[in-house]
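1. Turn this into a model:
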Amino acid sequence: MKRYLYDGTSESLFSAISWILEEEAEPEKVLLTEQGLELFEEGFFIKANTGQAELLFQRLCQRAPDSAYTITLFMLAEKRGMESSLLRYVSLAFAHGDKVNGYLTHPAVRDIVSIAKRAGRELHRMKGLLRFEELQDGAYFAKMEPDHNLIQPLASWFRTRLRAQNWFLYDVKRRTAACWSNGMLQFGTIDKFYIPALSEDEKRVQLLWQTFFRTIALQDRKNPGLQKSNMPMKYWKYLTEMQT
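-> Numbers count the residues shown, from 1 in each chain. Got it, this is the predicted structure:
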């Protein structure tokens, strides 16, 4: 099999996929992998081309919008080693349109769709599980540690719903942050993080909410198994109602 290499960035990945689809008559018979550290690594390296990558995605959105969304969710998972599967999925999407998501007997389609669904489920969960806390300066702050890299879609979602407040999202695992302030959304990384001070009103509200959560529940109807199924324990760390 022919082997193609890219530099590990999303831009380079989609540039490589675009190039292969244009130049290879049988893209299913080639391999696409991230370039390693070897000096003389076997394979043809394809440089990143922003215009080519954007054009590929635009064409895919027109031809198969559901498949384009599936790929968007898949990219949130940051899965390495699945570049060839993604290449095959894109090739099939151009050939068959959105019907491709139903071709689950194809290994590449099954892998891409299943990973995208997991990322989509977590994205949906985090929209309801994020807990914003009011800081002393009046801004709102929420921490999270999702399995997938969700900060950009989450920030875009909250931008349309919390337009009147200044707020921050912080991904503890990836040390990345999103900031909405004065009508502008910005992203960045944080090398050293210091827990900001909560406002006095926030402290009182949290105590009231914790008390309410403990006392309102009917003891005879508690179902810990169902609770953990709908709200896995890995998310409890930042839920106000789960703190003692």
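2. From here on, just use CA atoms for contacts and neighbour counts.
-> Will do.
3. shouldn't S181 be in contact with L162?
-> No - applying Cα atoms under 8 Å, one finds S181 not in contact with L162, separated by 10.6 Å.
4. which one of these two has more residues nearby?
-> Under the criterion of other Cα atoms under 10 Å, the comparison of S181 against L162 puts S181 first, with 16 against 13.
5. show me the contacts for that one.
-> 165-167 (Cα atoms under 8 Å, 6 or more residues apart in numbering).
6. What values do phi and psi take at it?
-> Per-residue torsions, S181: phi -150, psi 130 (degrees, to the nearest 10).
7. helix or strand right after the helix or strand hosting V113?
-> Here V113, judged by DSSP states H and E, is contained in helix 107-129. Using DSSP H and E, the next helix or strand after helix 107-129 towards the C-terminus is strand 133-134.
8. what helices or strands is that next one leaning on?
-> With contacts defined as 3 or more Cα pairs under 8 Å, 6 or more residues apart in numbering; DSSP states H and E, strand 133-134 has these neighbours: strand 140-144, helix 200-216.
9. The first one: partners in the sheet, and parallel or antiparallel?
-> For strand 140-144, the paired strands and their directions (DSSP bridges) read strand 133-134 (antiparallel), strand 167-171 (parallel).
10. So the residue located most distally from the centre of the chain: helix, strand or coil?
-> Taking Cα atoms, centre = their mean, the residue of the chain most remote from its mean C-alpha position is D220, at 38.1 Å. Recorded secondary structure, D220: helix (DSSP: H, G, I helix; E, B strand; the rest coil).
11. Please report how far R59 lies from E42.
-> Remark: distance between R59 and E42 (Cα to Cα, to the nearest Å) = 31 Å.
12. Would you list the phi and psi of K2?
-> Here K2 shows phi and psi, under degrees, to the nearest 10, equal to phi -70, psi 150.
13. mind checking pLDDT for the spatially closest residue to E28 that is not a sequence neighbour?
-> Of all residues beyond its chain neighbours, the one nearest E28 is R88 (5.7 Å), with distances taken as Cα to Cα, 6 or more residues apart in numbering. Predicted confidence (pLDDT) for R88: 97.
14. re earlier: so which of the strands paired with strand 140-144 comes closest to Y103?
-> strand 167-171 (34.5 Å; Cα to Cα).
15. Provide a list of residues in contact with the closest residue to L239 other than its chain neighbours.
-> For L239, ignoring the flanking residues on the chain, the nearest one in space by Cα to Cα, 6+ apart is R131 at 6.3 Å. Counting by Cα under 8 Å, 6+ apart, R131 touches 142-143, 238-240.
16. Run through the strands of this protein in chain order.
-> 2-6, 30-34, 44-45, 133-134, 140-144, 167-171, 176-181, 184-189 (DSSP state E).
17. could those strands go into JSON lines alongside mean pLDDT and distance to F14?
-> Converted to JSON lines, those look like this (pLDDT from 0 to 100; distance: least, Cα to Cα, whole Å):
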{"stretch": "strand 2-6", "mean pLDDT": "93", "distance to F14": "9"}
{"stretch": "strand 30-34", "mean pLDDT": "94", "distance to F14": "11"}
{"stretch": "strand 44-45", "mean pLDDT": "90", "distance to F14": "13"}
{"stretch": "strand 133-134", "mean pLDDT": "96", "distance to F14": "38"}
{"stretch": "strand 140-144", "mean pLDDT": "96", "distance to F14": "29"}
{"stretch": "strand 167-171", "mean pLDDT": "96", "distance to F14": "26"}
{"stretch": "strand 176-181", "mean pLDDT": "96", "distance to F14": "23"}
{"stretch": "strand 184-189", "mean pLDDT": "94", "distance to F14": "22"}
